[in-house]
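Colleague: the sequence isn't on hand, but the structure is:
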């Protein structure tokens, strides 16, 4: 397994102002070469700190970070050749010139080269990311999705081994998000780049990450493939952040027809079927528009659950309905 890894951390800790609840604590992590690793967790859970440590932009208080099984040096105090192989992109595009054109920005990703080579590589980069038509546009005037594509094109033009992305879809319109996700997946396959993405929204990474790392309060609490974590989350925390869901006590779950032997029940919104049936004991409280689908908030005996509804417009606020729970997850201590 060792020769397949590109980045490793061994028991790294990085806190701020002496506060152990900040940063990350005792994290051991293995990043496989040529794969996409997603790091997910709530805001303030330590995701960005971990990304900075993997990039060498921060030095851990204790523990070590290894790149190709060698200690990763401090990027800030002693920038070395190894750092050219690790590109770190942030949400604010600080590495870009807002007043320069797309072409000018992308070409600065190259080391000194002749004009013919520069033209060839920049043209390839713009074509790879479908932004050739933007070559003479000023970077600062682009949309969020266009900026992200240009920034990634610049980062990848020098053929790095690792691409670190902090909330890459945060400022990208929904209509561009899926295309950008697919392009990142394609470039990982085509160039063999190792990508590590941080997000507070696991839904952004479910379709593209080879492995997901769940972080809570600075510690890794669960990891595995996206499918494994979605289908069989081991922790309540993971179940709540990985999908739109409802958390219920065992007593509340009984209202849904669930007899649980544990203290907490989580039901994904897509695992509840709503209909107008025999009992109609539930009432539609809210209808939340989600584009191609709706989410209904339905209530019975002061218990509310969230339901994914593909039949938009079928149910109105105040309608009486029945629900059928097809699957649920149990967590916490067993009850008698």
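Modeller: Received, thanks. Note that the coordinates shown come from a computational prediction; the quantities given were computed from them, not determined experimentally. Residues are numbered from 1 along each chain as shown.
Colleague: can you list the domains in the protein?
Modeller: Using automatic domain parsing, the domain parsing of the chain gives 2-235, 244-334.
Colleague: for the protein, what helix or strand is lowest in average pLDDT?
Modeller: helix 174-191 (a mean of 82; mean pLDDT, DSSP states H and E).
Colleague: need the next SSE after that one, C-terminal direction.
Modeller: Next helix or strand after helix 174-191 toward the C-terminus (DSSP states H and E): strand 194-199.
Colleague: contacts for that following strand next, please.
Modeller: Contacts with strand 194-199, where a contact means C-beta atoms under 8 Å, 6 or more residues apart in numbering, come from 6-7, 31-40, 47-48, 50-51, 54, 161-169, 184, 188, 205, 208-209. (C-beta placed from N, C-alpha, C; glycine too.)
Colleague: tell me the gap between that strand and the middle of its chain.
Modeller: 7 Å (C-alpha atoms, centre = their mean, to the nearest Å).
Colleague: what pairs with it, parallel or antiparallel?
Modeller: Sheet pairing of strand 194-199 (DSSP bridges) gives strand 36-40 (parallel), strand 162-166 (parallel).
Colleague: state the next helix or strand along the chain beyond the first one.
Modeller: Remark: after strand 36-40, the chain's next helix or strand is helix 47-55, criterion DSSP H and E.
Colleague: heading C-terminal from that following helix, find the next helix or strand.
Modeller: strand 62-67.
Colleague: let me know the angle separating that following strand from strand 162-166.
Modeller: 130 degrees (axes from the mean of the first three to the mean of the last three C-alpha atoms, to 10 degrees).
Colleague: as a whole number, average confidence for strand 62-67?
Modeller: Averaging pLDDT along strand 62-67 yields 95.
Colleague: again, but for stretch 129-142
Modeller: 93.
Colleague: which stretches in the stretch 1-150 of the chain count as helices?
Modeller: With DSSP state H, counting those that start in this stretch as the criterion, the stretch 1-150 of the chain has helices at 47-55, 102-107, 115-128, 144-156.
Colleague: nearest to residue 214, of those?
Modeller: helix 47-55 (10.1 Å; C-beta to C-beta).
Colleague: elements contacting that closest one?
Modeller: Contacts defined by 3 or more C-beta pairs under 8 Å, 6 or more residues apart in numbering; DSSP states H and E place helix 47-55 against strand 5-16, strand 19-32, strand 36-40, strand 86-89, strand 162-166, strand 194-199.
Colleague: after the last one, which helix or strand is next?
Modeller: Read that as strand 194-199. strand 211-216.
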